[in-house]
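Peer 1: below are the sequence and a predicted model for it; my questions follow.
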Amino acid sequence: MPFTTKQELVEDQADNPPYGTNLTFEHDAYTRIHATSGTTGRRLTCLDTNESWAWFTFCWQEIYRAIGINREDRIFTAFGFGPFVGFWAGYEAAQQIGALAIPGGAQSSEQRLYWLMEARATVLLSTPTYALRLIEIARENNIDLRTSAIRNTIHAGEPGANVASIRAQIESAWSARCWDHAGMSEVGAWGYQCRDDQGLHLLESEFIAEVLSVDTGEPVGEGETGELILTNLGRLAMPALRYRTGDVVQWVSTPCTCGSPSIRFPGGILGRVDPSPRRQHLPERGRVDHPRSARGRRVSVEISKERGMWELHLDLEVAPGADSEAIRAGVAEALGNQLGMRAYHVVGLIALRNNELERAEGYFRQAIDRDPTFSEAYFNLGKIALQRDELERAVELFDKAVELAPDYKEALYRLGFTHRFLGNEAAAAAALARFEALSRQEASSR
Ligand SMILES: [Zn+2]
């Protein structure tokens, strides 16, 4: 049986719009539609019939049970009312296991936090970034999250919860156990983290897993690593057969200390076999040496990919007598801020393009945390405020962008029009006059 790849599904939907041909029923049999956020390429739409959807949420129920969440729990889903499948499945499965399902969308982060505290929610379902964002909001509002009833946090929608430092931050601030959700819109929720931290367990009653060598495509032996290939058994209306996840895992079948009988992937997802053309120009591992840098000192930069995350190692030779520890700390901080700021800004733009305002806002705020003079991030926050009809707020943000970058044409333009909507004619005229002057200058210098 041939493999299925994400690219094939995406291309099929492009060639046979809007839903492609991987559907086993007539269109009118389908009752649910979800879509991936499109962060790693084009948006992929997934359709379900009632029967297929029941299976999808059943997998989520199984995962709740496996990690010890039950009808006593109150599950707060901090996702918007959008096409992301994880919100819907997590929310409905919460209800199905008899827990209280709390819809945490369409509120400000402050409102969300107060409601979560008031409802004595025991489980937070969110992206890892948003769990971190709530930690900041709590700090700003002098709320100690350890006094909340949250004891488990489950993270879907983006990677991060499997990164030790992010997990540690979430666990200590929330005084909760942090779980990374293993699932994909096009395949389903296929696994769960071991309670004894022995890696990920496969939901073996619902999925067939193969682990194939990345080099030869042959099945690898127990204890060896390869690409995880999944076949789902219950999504009859849009099946995934021999789906190439692109995730690299190691598999073992020996009984686990947690009591789960299913096969296990120690260390979880160890990395990616990344066929995405956008990334192909980036080497998996690379090293650049500059034996003669500007000041005659040696510099070498090495990038590598560890457990799916990029790492950058920088070797610097410092002048004799220099405080190498202070230089190390300064360079690490500056680089971390610059790279982090750019990275957050880019993912923020992607989220904004997908109309995921909450997520985009979180990312732009993270970018500003790293560089408070980052005018573009303020500008984009202003655009979000406009979309929410928060005109006064939008003016503040565009103002801030213009204050930081006085020649920021786009910001001036939006500032002018937002003032005009608010009836502040004088302020509108001033901003638009400045915008026009800059435009004329630009035209004459061309
Ligand atoms: Zn286990």
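Peer 2: Great, that's in hand.

Peer 1: what sits closest to residue 87 if chain neighbours are left out?
Peer 2: The spatial neighbour of residue 87 that comes closest, neighbours along the chain excluded (Cβ to Cβ, 6 or more residues apart in numbering), is residue 79 at 3.6 Å. Where C-beta positions appear, they are placed from N, C-alpha and C, glycine not excepted.

Peer 1: pretty sure that neighbour is in contact with residue 105, am I right?
Peer 2: Yes: Residue 79 is within contact range of residue 105, at 5.9 Å (criterion: Cβ atoms under 8 Å).

Peer 1: which neighbours do these two have in common?
Peer 2: Common neighbours of residue 79 and residue 105 (criterion: Cβ atoms under 8 Å, 6 or more residues apart in numbering): residue 87.

Peer 1: that older thread, OK, contacts around the residue nearest to residue 87?
Peer 2: By Cβ under 8 Å, 6+ apart, the residues touching residue 79 are 86-87, 90, 104-105, 125-127, 157.

Peer 1: in three-state terms, label it for me.
Peer 2: coil (DSSP: H, G, I helix; E, B strand; the rest coil).

Peer 1: same thing with residue 376?
Peer 2: Classification of residue 376 by three-state DSSP places it in helix.

Peer 1: what is the burial count for the closest residue to it other than its chain neighbours?
Peer 2: Among residues not flanking residue 376 along the chain, residue 345 sits closest, at 6.6 Å (Cβ to Cβ, 6+ apart). The number of residues packed near residue 345 is 21, by other Cβ atoms under 10 Å.

Peer 1: same question, residue 46
Peer 2: Residue 46: 28 neighbours (other Cβ under 10 Å).

Peer 1: after the helix or strand hosting it comes which helix or strand?
Peer 2: Per DSSP states H and E, residue 46 falls inside strand 45-48. Downstream of strand 45-48, the next assigned helix or strand under DSSP H and E is helix 50-66.

Peer 1: summarise which helices and strands that following helix is packed against.
Peer 2: If contacts are counted by 3 or more Cβ pairs under 8 Å, 6 or more residues apart in numbering; DSSP states H and E, helix 50-66 sits against strand 32-35, helix 85-96, strand 188-193.

Peer 1: who wins for proximity to residue 438 among the ones you listed?
Peer 2: Between residue 438 and the helices and strands packed on helix 50-66, the tightest spacing by Cβ to Cβ is seen for strand 32-35, at 38.8 Å.

Peer 1: identify the residues contacting the closest one?
Peer 2: For strand 32-35, contacts defined as Cβ under 8 Å, 6+ apart pick out 43-50, 52-53, 83-85, 88, 185.

Peer 1: in this structure residue 158 contacts residue 128, no?
Peer 2: Yes: the pair residue 158 / residue 128 is scored as a contact, 6.6 Å apart, by Cβ under 8 Å.

Peer 1: Three-state assignment for residue 350, please.
Peer 2: helix.

Peer 1: neighbours around it, how many?
Peer 2: Other residues lying near residue 350 total 17 when counted by other Cβ under 10 Å.

Peer 1: and the pLDDT at it?
Peer 2: pLDDT for residue 350: 82.

Peer 1: where's it relative to residue 47, distance?
Peer 2: From residue 350 over to residue 47 the distance is 24 Å, taken as Cβ to Cβ, to the nearest Å.

Peer 1: now residue 400
Peer 2: Residue 400 is 43 Å from residue 47, by Cβ to Cβ.

Peer 1: next: residue 258.
Peer 2: Residue 258 sits 35 Å away from residue 47, taking Cβ to Cβ as the criterion.

Peer 1: pretty sure residue 378 is touching residue 401, no?
Peer 2: Yes: using Cβ under 8 Å, residue 378 is in contact with residue 401, at 4.1 Å.

Peer 1: which residues do these two both contact?
Peer 2: When contacts are counted by Cβ under 8 Å, 6+ apart, the set common to residue 378 and residue 401 consists of residue 411.

Peer 1: just for the stretch 201-350 of the chain, where's the confidence low?
Peer 2: For the stretch 201-350 of the chain, the stretches with pLDDT under 70 are 274-298, 305-310.

Peer 1: and the strands in it, which stretches?
Peer 2: 207-212, 225-232, 243-250, 264-265, 271-272, 285-290, 299-306, 309-316 (DSSP state E, counting those that start in this stretch).

Peer 1: make CSV from those and add mean neighbour count and distance to the ion to it.
Peer 2: Below are the strands of the stretch 201-350 of the chain laid out as CSV (neighbours: other Cβ atoms under 10 Å; distance: least, Cβ to the ion, whole Å):
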stretch, mean neighbour count, distance to the ion
strand 207-212, 18, 15
strand 225-232, 22, 17
strand 243-250, 22, 14
strand 264-265, 24, 6
strand 271-272, 20, 21
strand 285-290, 11, 31
strand 299-306, 15, 23
strand 309-316, 12, 24
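
Peer 1: tell me which of those strands lies nearest to residue 200.
Peer 2: Closest among the strands of the stretch 201-350 of the chain, using Cβ to Cβ: strand 264-265, at 4.6 Å.
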